[in-house]
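**Student:** Generate a structure from the sequence data that follows.
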Amino acid sequence: RFAIGQTLVAMVIGILLAWIVTRTNVPLRGLWEFSSVALYFIPILAAGTAWSILLGGRNGLLNEVIRSISPFTGFDVYSMSGMIFVQSLYLVPLVFLVVSSSLRAVNPEFEDAARSCGASPLSVLFRITLGVCRPAVLSAAVLCFVIGLGSMEIPLLFGFPAREYVFTTDIYSALKVRFPPEYGRASAMGVLLLGASLLILVIYFRLIRDRERFVTVGGKASRDTAMRLGKFRWVGFVACALFFFFTLVLPFLAVLIGSLLPYIGQPSMAMLSKVSLNNYRQLIDNPIIWRSVENSFKLSIFGGIVVMLVGLLLAYIVVRWPGRWTRYIDYGASLPMMVPLTVLAMSLVYTYITLSFPGGFSPYGTLWIIGGAYVVYFLPVAVRQMTGPVSQLSVDLEHAGRISGASQIKVISRIVIPILLPALLGGLLLAFITFMREFSASVLLTRSGTEVISTVMYSYYSNGRLPYVAAISVGLWSMVLIVMLIFRLVFKVKISF
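**Tutor:** Residues are numbered from 1 along each chain as shown. Predicted coordinates for the structure are as follows:
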């Protein structure tokens, strides 16, 4: 129910947002596109903390406002509907990024032909525009559903206290809460989770097996025109502004205010008089925080470099030496995307919990196993990020290098990698922020000494120290936006799928 609900809501909002930004003349389209990418990178734990402050029962700040101006009592995020609401909001940018690239490639002549035949605007949108984008729409739906099946953050934050259990929270409870751990129960849940993901994957491939029917870009150039909405373009502008206000601005203000208070409660002048920076001071003096930040940066930087270099190597092999075996390599590199991250982490736990290498070294509970999970899970994205740029790189450049006496390694290191550096930096940014915000695998693989920032946040959250979590969220939120701006303005890097 959770996976289906959050997929449906995210798909409706994400497709509508992508259509408004890419196919209409709504004002400030560049701002809305940048905001969508920024929203994708916001850590889910930080967003969940914000909505806990805003809509967390009677003490929620937004619920207080709702009760003061209307007869409604507000909305409680500690419920199944609350889980679906929050999770779907932060899957919208994923749908936007996947669908928008396909919408941009739709030939507007098809839409013009449909209108000339008397089709209504809604009929053109659903039967023509979205019709030829069906592979991208289905891809976004499959990704959202698999992410929903394997998601741990929102179900733990809001579902666990409300006794609304899903597969992932049951696995977490079996491995981390119950004593002794119930490995059999966790394994059974993992098999069911993996089976559901593979079933969805089989259905997806059957639905897009005739891909040629969706080809809209051929040898003839097509004009890039935006649909003129007239006065309704301001309706689209207001809709985009409200969406990003409620998903970016309002949650950030919530965690900012919460980080300055000693506790989260009903807003009043007495509470405002207690505003201070004590939460930040106590976190700065806590060695666990610094250790988790160091671990997170190590995993994000070195893991990002490793996965992008491996992704470049695999993409280079697949593009430069096409054949049956390289096609198998391409398929194999794509498989981890269809495996829920919780299942991947659980399989690593079972593999290495009793395994030790010569010298007594065991990777279980170390940064090595956490980094390995990150790299394996992100590898399909890294390969896809690099396949397009490698395909556009002319083979003549490499031939010229070899004719000049350079070895294959020198050709790659001195010609291929420098030319592909912008694409590598874009993938590195995507990997870095993805690893910084990752929680589902980390919570199962970490132990004392290898904490990452997301697991420390959940530890504070589960112990009722919401102001500490809010303070950490402010830091993460600010870091993500600063890093994005640096890469966008200085290195001219754009994120795409």
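
**Student:** Near R178, how many other residues are there?
**Tutor:** Using other CB atoms under 10 Å, R178 has 12 other residues around it. Every C-beta, even on glycine, is put in place using the N, C-alpha and C of the backbone.

**Student:** per-residue confidence at it?
**Tutor:** On the pLDDT scale, R178 is placed at 83.

**Student:** and if you look at A162?
**Tutor:** So A162 comes in at 86 (pLDDT).

**Student:** How much space separates it from G303?
**Tutor:** Noted for A162: a distance of 34 Å to G303, by CB to CB, to the nearest Å.

**Student:** okay, these two: which has more neighbours?
**Tutor:** Per other CB under 10 Å, whichever of A162 and G303 has more neighbours is G303, with 23 against 15.

**Student:** Pull the number of nearby residues for M80.
**Tutor:** 16.

**Student:** That one: what's its closest spatial neighbour, skipping adjacent residues?
**Tutor:** E164 (4.9 Å; CB to CB, 6 or more residues apart in numbering).

**Student:** Okay, that neighbour and F72: tell me how far apart.
**Tutor:** For E164, the distance to F72 - CB to CB - is 22 Å.

**Student:** more neighbours, these two?
**Tutor:** Higher neighbour count among E164 and F72: E164, with 18 against 9, using other CB under 10 Å.

**Student:** Helix or strand for that one, just tell me which one.
**Tutor:** Following DSSP states H and E, there is no helix or strand that holds E164.

**Student:** For this structure, which helix extends over the most residues?
**Tutor:** In the chain, taking DSSP state H as the definition, the longest helix is helix 287-320.

**Student:** before we move on, the earlier item: can you give me the separation between the residue nearest to M80 and S88?
**Tutor:** Relative to S88, and taking CB to CB, E164 is found at 15 Å.

**Student:** ok, now T24?
**Tutor:** 23 Å.

**Student:** same deal with V307?
**Tutor:** Note on V307: its distance to S88, by CB to CB, is 28 Å.

**Student:** And the pLDDT at the closest residue to I419 other than its chain neighbours?
**Tutor:** Distances taken as CB to CB, 6+ apart place L393 nearest to I419, at 6.1 Å, with adjacent residues excluded. Note for L393: predicted pLDDT of 80.

**Student:** Where does F245 sit: helix, strand or coil?
**Tutor:** helix (DSSP: H, G, I helix; E, B strand; the rest coil).

**Student:** burial of it, as a residue count?
**Tutor:** Neighbour tally, F245, other CB under 10 Å: 13.

**Student:** again with the one 5 residues further on
**Tutor:** The criterion is other CB under 10 Å. On that basis, L250 has 15 neighbouring residues.

**Student:** excluding its backbone neighbours, what's nearest it?
**Tutor:** In space, L250 is closest to L54, 7.1 Å off (CB to CB, 6+ apart).

**Student:** That neighbour touches L253, doesn't it?
**Tutor:** No - in this structure, L54 is not within contact of L253 by CB atoms under 8 Å, at 9.3 Å.
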